[in-house]
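A.B. asks: kindly generate the corresponding structure for this input.
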Amino acid sequence: MNTERHCFKCGEETLRTWDELGDDERELVARLPGSGDYSKDERKAMHRWCTRCWHEEVENQPRLA
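C.D. replies: Next up is the predicted model:
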């Protein structure tokens, strides 16, 4: 199992990049509470999302062990 691709919060779903999200999922991501903390371009380039619990992970964010 590639733990870097799985959500540390729910442990089940594979984290997806912006390009891997569908149109409806992108619309949902744009409305997440943390969406105002980063520019849209930065989120597209450096963030990944869990489509089960909608956790948003920043690429350079430290991961909990």
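A.B. asks: so where's this structure shaky on pLDDT?
C.D. replies: By pLDDT under 70, the weakly predicted segments of the chain are 1-4, 60-65.
A.B. asks: hmm, 50 instead?
C.D. replies: Where the chain drops to pLDDT under 50, the residues are 1-3, 65.
A.B. asks: all strands of it, in order?
C.D. replies: Here the chain has its strands, by DSSP state E, at 15-16, 47-50, 56-58.
A.B. asks: and the last one, what does it pack onto?
C.D. replies: Under the contact criterion of 3 or more C-beta pairs under 8 Å, 6 or more residues apart in numbering; DSSP states H and E, strand 56-58 touches strand 47-50. (Glycine included, C-beta is placed from N, CA and C.)
A.B. asks: report the buried residues of the strand it packs on.
C.D. replies: For strand 47-50, the neighbour count (16 or more other C-beta atoms under 10 Å) marks His47, Arg48, Trp49, Cys50 as buried.
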